[in-house]
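Trainee: Pasting the sequence and the predicted model now:
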Protein chains: 2
Amino acid sequence: MNIGEAAKASGVSAKMIRYYEETGLIPQAGRTASGYRTYTTTDVQMLRFVRRARDLGFTVERIAELLALWRDRARHSADVKQLALEQIEGLRRKIREMEEMVATLEHLAVGCNGDHRPDCPILADLEGDTSVVVKLSPTGQTFGRH
Amino acid sequence: MNIGEAAKASGVSAKMIRYYEETGLIPQAGRTASGYRTYTTTDVQMLRFVRRARDLGFTVERIAELLALWRDRARHSADVKQLALEQIEGLRRKIREMEEMVATLEHLAVGCNGDHRPDCPILADLEGDTSVVVKLSPTGQTFGRH
DNA sequence: CCTTGACCTTCCCATGATGGGAAGCCCCAT
DNA sequence: ATGGGGCTTCCCATCATGGGAAGGTCAAGG
């Protein structure tokens, strides 16, 4: 099948399929006499694999490792699990960072009247050197002033 | 003061200060006769403002709006609050997405032995068309199979 | 058989925020 | 006056993705 069909069947855009091939994430596709790329159902399965891994937030670099393990029949499931756990770790770290941002913003927003007057603790905080950074305790309670 | 000092005082790298100036986020700095950029304490305050807003995850585009409000003495605090609430909204959305990824990965990881054997539900899921996507209910419980 | 429209190819450019590095000028202290 | 560190501009790279142009290909219908 052509790249367009493979794209539809895998959920990966034709643009990205070419990019993945160019960067070596996936092997070079077969070609027709006239130069069109051709894809087998196995190729589409691999593309779906990549797509799903992207949906789970893996970087292309990580996906290359996952694909290598996928192809390796003598793999150790421990290695796969390791990658998954590291991914969870990384996601959790980013989540925590963003939760801290949310907590700080909420803290500032509740103090803001939100009316026609100009006074606003949000701007005051951004401006001043008495910035509030709300840290999250493990219990989810907020505290701190910095 | 020179750009290096301003960078140290504001926490924004010299590279980024030039970039912000070039893209119009901040006004063009003054120059010495020989072409060096010069910064006043007011400029540094503005740079700190930008820095803090970045720390809260605002995009440069949003920060431009915040700076405009900051400079506008006739602003309505409602507009500032609006920006903050939208920012919270956006962060929450991303957090939710990542939490779903984490939930799915954890679900898959607990089913993986993590030993020397090759069998691994993580790869099986990525590969197959019986992919598990764990959706998060409002109570934090997990359910669903897709 | 030829046209038409949809598809494919490669190549270049852009995103957003950041950093690296080179070539060349400037400033200050010794 | 010399040396080292700071400044200038300019170009390139990141990461994953999309847009678009110029040109070749394929299949269906007149």
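Mentor: Structure received.
Trainee: hey, let's count contacts and neighbours off CA atoms from now on
Mentor: OK.
Trainee: near chain B, anything from whatever helix or strand residue A:101 lives in?
Mentor: Under the criterion of DSSP states H and E, residue A:101 resides in helix A:77-110. Yes. Helix A:77-110 lies within reach of chain B by CA under 8 Å from any CA of the partner chain, at A:77-82, A:84-85, A:88, A:91-92, A:95, A:98-99, A:101-102, A:104-106, A:109.
Trainee: For that helix, which residues meet the burial criterion?
Mentor: Across helix A:77-110, burial judged by 16 or more other CA atoms under 10 Å in any protein chain shown covers A:77-81, A:83-85, A:87-88, A:91-92, A:95, A:97-109.
Trainee: do the same with stretch A:114-133
Mentor: Result for stretch A:114-133 [16+ other CA under 10 Å]: buried residues A:114, A:118-123, A:125-127, A:132-133.
Trainee: now stretch A:5-25
Mentor: Buried residues in stretch A:5-25, counted by 16+ other CA under 10 Å: A:6-7, A:10, A:12-14, A:17-18, A:20, A:25.
Trainee: now the strands: where do they sit in chain A?
Mentor: A:30-31, A:37-38, A:135-136, A:142-143 (DSSP state E).
Trainee: Including distance to residue A:46, mean neighbour count and mean pLDDT, could these go into JSON lines?
Mentor: Output for these, formatted as JSON lines (distance: least, CA to CA, whole Å; neighbours: other CA atoms under 10 Å in any protein chain shown; pLDDT from 0 to 100):
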{"stretch": "strand A:30-31", "distance to residue A:46": "14", "mean neighbour count": "12", "mean pLDDT": "96"}
{"stretch": "strand A:37-38", "distance to residue A:46": "14", "mean neighbour count": "17", "mean pLDDT": "97"}
{"stretch": "strand A:135-136", "distance to residue A:46": "41", "mean neighbour count": "19", "mean pLDDT": "74"}
{"stretch": "strand A:142-143", "distance to residue A:46": "45", "mean neighbour count": "14", "mean pLDDT": "50"}
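Trainee: Which of those sits closest to residue B:56?
Mentor: strand A:135-136 (12.6 Å; CA to CA).
Trainee: name the helices or strands packed onto the closest one?
Mentor: For strand A:135-136, the packing partners by 3 or more CA pairs under 8 Å, 6 or more residues apart in numbering or on different chains; DSSP states H and E come out as helix A:77-110, strand A:142-143.
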